[in-house]
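>>> My questions concern the predicted model and sequence given below.
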Amino acid sequence: MTRVKVLFVCLGNICRSPLAEAIFKHKIRGNGLHNYVEADSCGTSNYHIGDTPDERTLANALKNGIAIHHRGRQLSVSDLEEFDFIVAMDSSNYRNIFRLPGAEQHQHKIFLMRNFDATDNHTEVPDPYYGGERGFQEVFDILDRATDGFIARLQQQLADRL
C-alpha cells in the first residue's frame with residue numbers, strides 16, 4: 001500500500017507547521033499508523049530556510065512531551081504532486097499555496113488545519129511569533145485537537161483502502 005503523505009504549511013516554518021508536524025508524527029506513532037502515513041512541514045516564505053524551529057516552539061513542544069526534529073524549508077510546486085494532503089495553518093497561507101502554478105488542479109487535497117478542529121468554527125491557527133508563552137500553548141492546544149480530527153479522517157480513509 002502506498003503511504004499517505006501529509007504536508008503542514010505556515011509562513012516561516014518555524015512555529016506552527018513544524019509543531020503540527022511533530023504532534024502529528026507523535027500521534028501516528030501512538031496510533032500505529034507510522035507505517036502508513038508520513039509527514040513534513042514547510043513555509044510559504046523563504047525567511048527561515050535551513051533554520052531550526054523557534055526556541056519558544058521547541059520549549060513548548062518539550063513541555064508537552066513532543067520532540068521536534070526539523071529544518072525550515074519553503075513550499076515548492078513539486079510538493080503539490082508529492083503530498084496527498086496539504087494543510088495550511090491560516091487563510092493567508094492557504095491563499096499562498098494557490099499562488100503556485102498548477103495549484104488549482106490539486107485543490108481537493110488542500111485544507112485549513114482548523115477544518116479538522118471540531119470544537120469550534122475558527123479558521124485560523126494564530127501565529128504565536130510576536131506573542132509570549134501563552135500564545136504558544138494556545139497554538140499547541142489548537143493543533144493537538146485538530147490533529148486528532150485529522151487523524152480520525154485518515155484512519156477512515158486508510159480503512160477504506162485496506
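Cool, the structure landed.
>>> what's the closest non-adjacent residue to R71?
G50 (5.5 Å; Cβ to Cβ, 6 or more residues apart in numbering). For every residue, glycine as well, the C-beta is placed using N, CA and C.
>>> How much space separates the one you found from I14?
Note on G50: its distance to I14, by Cβ to Cβ, to the nearest Å, is 11 Å.
>>> and what of H106?
Distance, H106 to I14, using Cβ to Cβ: 25 Å.
>>> Of those two, which one has the most company?
Counting neighbours by other Cβ atoms under 10 Å for H106 and for I14 shows that I14 has the greater number, 25 against 17.
>>> That one is in what secondary structure piece?
Here I14, judged by DSSP states H and E, is contained in no helix and no strand.
>>> residues contacting it?
43, 48, 51-54, 57, 72, 129 (Cβ atoms under 8 Å, 6 or more residues apart in numbering).
>>> What's the mean pLDDT across the longest helix that the chain contains?
In the chain, with assignment by DSSP state H, the single longest helix is helix 133-161. Here helix 133-161 scores 93 as its mean pLDDT.
>>> Just the strands from the protein, written as ranges.
4-10, 37-43, 85-88, 110-112 (DSSP state E).
>>> any chance of these in TSV, plus distance to G30, mean neighbour count and mean pLDDT?
Formatted as TSV, the strands of the chain follow (distance: least, Cβ to Cβ, whole Å; neighbours: other Cβ atoms under 10 Å; pLDDT from 0 to 100):
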stretch	distance to G30	mean neighbour count	mean pLDDT
strand 4-10	16	25	98
strand 37-43	12	22	97
strand 85-88	19	26	98
strand 110-112	22	19	97
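>>> Output those strands in JSON lines, with distance to E21 appended to each entry.
What follows is these, written out as JSON lines (distance: least, Cβ to Cβ, whole Å):
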{"stretch": "strand 4-10", "distance to E21": "5"}
{"stretch": "strand 37-43", "distance to E21": "4"}
{"stretch": "strand 85-88", "distance to E21": "10"}
{"stretch": "strand 110-112", "distance to E21": "15"}
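>>> so which of those strands comes closest to L143?
strand 4-10 (8.8 Å; Cβ to Cβ).
>>> Right, I'll leave it there.
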